[in-house]
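Visitor: make a model of this:
(chains A and B)
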Amino acid sequence: MVWYSAKAGSTYVAVGLETSSPDLLARNLPAVNAMLARASLKGASAPPAVSNAPNGNAPAGNASGGAPGAVGLATLNEYVYTSPAGWAAQKLSDAIMISSPPSETNEKCLLYLLPMRPAGANLLQDANNAFRDVWLRNFVLRNQTPAGFAFPESIIHGYSGQGWEYVIIRRGIAQPNNPQESRLGFVMVAKLDNRLAVISGLSKDPLVSACMGENRGTTNWPKFFYSLSFRNWQPGDQTQTMRKLLAGEWIAATATAGDKITFAGNGRFANAAAAQQYHLTPNELITTTQAYFGNGNYTLRGNAITLTQDDNRTDHGFFRVEQESKDEGRAWADVLYLMRTSSVDGAEYELRFKKQ
Amino acid sequence: MTRRHLRHGLCFFAFFLASSTVFPQAPLTVGPLTVTIPRGWTKQEFFGTVKYYSPDSTPQQFLRVQFLPSEETPQSAAQRHSTIIGNLAGIMRPGTSPQNGVTGNFIW
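Guide: Numbering: from 1, shown residues only, chains lettered A, B, ... in the order given. As a prediction, this is how the structure comes out:
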């Protein structure tokens, strides 16, 4: 089912789409979306007078109906995502804003999906430009948290299982007249051929954040990231590319013997105990297809990974492999994030691994 | 080609012409909303709710779009949307997760 909602003045309008067949949905959804995109809504034609989006950007170009290659406001229709549970999505005049409910500490995290813009020749430069356009018109850089610690600023580079390359820039920012109340602002740019999807966000320091708390297990970013896709983008089969990125020995940041996992380019993996039987170089893990037996198979589909041990125990999850720099791009470290569901309490948890 | 083949071919051509010259339907207005239904969709009305079935719907499988009567509410579209999605959560297939997006003036 797809549920569409809009509001014209105080009048709420809803359209429901129901189907008994995924095939019928695939065939007819574009026509339904086109019909609703062209619909007129009396009293709602003018966009909201004030935008809450941080960028205040003018549209990057003429809206052209979300066709492949389009940039500008109409491309907001191309973002497909799953809002974190309890968060509300709202269309602003120049962005889609997804906001968390206020936490007990009165924190509100925000995500903004912004109009697509033309891509330049250098994705890192594109990300820096986007960060400047989104945040530095109304905020200033501030590298200290309100508690006086250094913000975990970083630059992240990766490839989604959907096939698009991305760069994320995270920096501390604050309003010029209130520098003590600093926040972590970020921008992600995703390269969709010759254009960029731009997503920005704002939270407290990840050490204490209730909605983007990386070390507290409260971050909503991974699930949002894994849910993200774009209309008009054909993912293709990324299995070989992602296998190469995964190949190697990874050890969790909270290192115990059990938190080590080795992936080989031939679709085999080994946990800590099994990996001790092999002494392969990282290059062999990528290129040697027969030497590595491990103790299970892994299969990839987009961002999803299925680990099947040789005794048929199966584990489903999501993964991403990123390169992270904490010194403005001078040194980079490979990082693997693996999100799985606990077989004990059903909770989802994500482990961060570093490449050995 | 035999005369019989030619006759069948002409019949098929005439049928194809007839079925492809269906005109777009008149705009549908529900409260403040006005849409143009794609051609070939079949209308069904039931106690103020208007439903349209896709041209490829059959008695066995269907795809329908329903336009609900508009309502006055102090809630924002996002709040009302969340409430309704919450009410619909019970009919979601286990293991699936909802997706969101924006189409024109609509959030989904």
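
Visitor: only C-alpha atoms from now on, for both contacts and neighbour counts.
Guide: Will do.

Visitor: what comes up buried for stretch A:135-142?
Guide: Under the neighbour-count criterion of 16 or more other CA atoms under 10 Å in any protein chain shown, stretch A:135-142 has A:135-136, A:139-142 buried.

Visitor: show me the shaky parts of chain B.
Guide: Residue ranges of chain B with pLDDT under 70: B:1-26, B:47-48, B:90-95.

Visitor: which stretches in it count as helices?
Guide: B:3-20, B:77-88 (DSSP state H).

Visitor: can you list which of the buried residues of stretch A:135-142 are found in strands?
Guide: Here DSSP state E is the test, and the buried residues of stretch A:135-142 give A:140-141 as lying in strands.

Visitor: how about a markdown table for the buried residues of stretch A:135-142, with distance to residue B:83 added?
Guide: Shown next, in a markdown table, are those (distance: CA to CA, whole Å):
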| residue | distance to residue B:83 |
| --- | --- |
| A:135 | 32 |
| A:136 | 36 |
| A:139 | 35 |
| A:140 | 38 |
| A:141 | 38 |
| A:142 | 39 |
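
Visitor: go through the buried residues of stretch A:135-142 and name the one nearest chain B.
Guide: residue A:135 (23.4 Å; CA to the nearest CA).

Visitor: picking that back up, pick out whichever of the buried residues of stretch A:135-142 sits closest to residue A:197.
Guide: residue A:135 (16.2 Å; CA to CA).

Visitor: my guess is the closest one meets residue A:185, correct?
Guide: Yes. If you go by CA atoms under 8 Å, residue A:135 and residue A:185 touch, sitting 7.4 Å apart.

Visitor: what residues are shared contacts of those two?
Guide: Residues touching both residue A:135 and residue A:185 by CA atoms under 8 Å, 6 or more residues apart in numbering or on different chains: residue A:173.

Visitor: put the alpha carbons of stretch A:104-115 into PDB.
Guide: C-alpha atoms of stretch A:104-115 as PDB (Å, rounded to 0.1, in the frame of the first residue of the first chain):
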ATOM      1  CA  GLU A 104      14.500  13.700  27.000                       C
ATOM      2  CA  THR A 105      17.400  16.100  26.800                       C
ATOM      3  CA  ASN A 106      15.300  18.300  24.400                       C
ATOM      4  CA  GLU A 107      17.500  17.400  21.400                       C
ATOM      5  CA  LYS A 108      15.900  17.400  17.900                       C
ATOM      6  CA  CYS A 109      17.900  15.800  15.100                       C
ATOM      7  CA  LEU A 110      17.200  16.900  11.600                       C
ATOM      8  CA  LEU A 111      17.800  15.500   8.100                       C
ATOM      9  CA  TYR A 112      17.300  17.500   5.000                       C
ATOM     10  CA  LEU A 113      16.900  16.100   1.500                       C
ATOM     11  CA  LEU A 114      17.900  18.900  -0.900                       C
ATOM     12  CA  PRO A 115      17.400  19.500  -4.600                       C
END
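
Visitor: distance from the chain centre to it, please.
Guide: 14 Å (CA atoms, centre = their mean, to the nearest Å).

Visitor: could you do stretch A:321-329 as well?
Guide: With CA atoms, centre = their mean, you get 16 Å for stretch A:321-329.

Visitor: again with stretch A:104-122
Guide: With CA atoms, centre = their mean, you get 10 Å for stretch A:104-122.

Visitor: one more: stretch A:127-146?
Guide: For stretch A:127-146, the distance to the chain centre is 19 Å (CA atoms, centre = their mean).

Visitor: average model confidence for that stretch?
Guide: In this model, stretch A:127-146 has a mean pLDDT of 91.

Visitor: give me the residue at the spatial middle of chain A.
Guide: residue A:225 (2.5 Å; CA atoms, centre = their mean).

Visitor: for the host helix or strand of it, buried residues please.
Guide: Using DSSP states H and E, residue A:225 falls within helix A:221-227. By neighbour count on 16+ other CA under 10 Å, the buried set for helix A:221-227 is A:221-224, A:226-227.

Visitor: can you redo these as CSV with distance to chain B?
Guide: Formatted as CSV, these follow (distance: CA to the nearest CA, whole Å):
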residue, distance to chain B
A:221, 15
A:222, 14
A:223, 10
A:224, 10
A:226, 11
A:227, 8
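
Visitor: helix, strand, or coil at the closest residue to residue B:102 other than its chain neighbours?
Guide: Nearest in space to residue B:102, with sequence neighbours left out and distances taken as CA to CA, 6 or more residues apart in numbering or on different chains, is residue A:77 at 5.0 Å. Applying DSSP: H, G, I helix; E, B strand; the rest coil to residue A:77 yields a three-state assignment of helix.

Visitor: in chain A, where's the longest strand?
Guide: strand A:178-192.

Visitor: that one pairs with which strands?
Guide: Under the criterion DSSP bridges, strand A:178-192 sits next to strand A:165-175 (antiparallel), strand A:195-203 (antiparallel) in its sheet.

Visitor: ok, residues contacting that strand?
Guide: A:119, A:123, A:126-127, A:130-131, A:134-135, A:142, A:144-146, A:151, A:164-175, A:196-206, A:233.

Visitor: tell me the mean pLDDT over it?
Guide: On average, strand A:178-192 scores 92.

Visitor: so what's the gap between that strand and the chain middle?
Guide: The answer for strand A:178-192 is 14 Å, by CA atoms, centre = their mean.

Visitor: in it, which residues are buried?
Guide: Buried-residue list, strand A:178-192, by 16+ other CA under 10 Å: A:179-192.

Visitor: quick one: end-to-end distance for stretch A:246-261.
Guide: 10 Å (CA to CA, to the nearest Å).

Visitor: strands of chain B, start to end?
Guide: B:28-30, B:33-35, B:42-46, B:49-53, B:63-67, B:71-72, B:102-103, B:106-107.

Visitor: need the winner for burial among the ones you listed.
Guide: Comparing these by mean neighbour count (mean count of other CA atoms under 10 Å in any protein chain shown), strand B:102-103 comes out on top with a mean of 26.

Visitor: so which elements touch that one?
Guide: helix A:22-37 (3 or more CA pairs under 8 Å, 6 or more residues apart in numbering or on different chains; DSSP states H and E).

Visitor: now the helix it packs on: how far from the chain's centre is it?
Guide: 26 Å.

Visitor: so for it, what's the average pLDDT?
Guide: On average, helix A:22-37 scores 91.

Visitor: so what touches whichever helix or strand comes after it?
Guide: Per DSSP H and E, the first helix or strand lying C-terminal to helix A:22-37 is strand A:40-41. For strand A:40-41, contacts defined as CA under 8 Å, 6+ apart pick out A:8, B:32-35, B:105.

Visitor: repeat that for 7 Å
Guide: Strand A:40-41 has contacts (CA atoms under 7 Å, 6 or more residues apart in numbering or on different chains) with A:8, B:32-35.

Visitor: ok, now stretch A:303-310?
Guide: A:160-162, A:226, A:295-300, A:314-320.

Visitor: in strands, which of those fall?
Guide: A:296-300, A:314-320.

Visitor: pull the number of nearby residues for the residue nearest to residue B:108 when sequence neighbours are not counted.
Guide: In space, and not counting its chain neighbours, residue B:108 is closest to residue A:4: 4.5 Å by CA to CA, 6+ apart. Counted by other CA atoms under 10 Å in any protein chain shown, the residues lying close to residue A:4 total 23.
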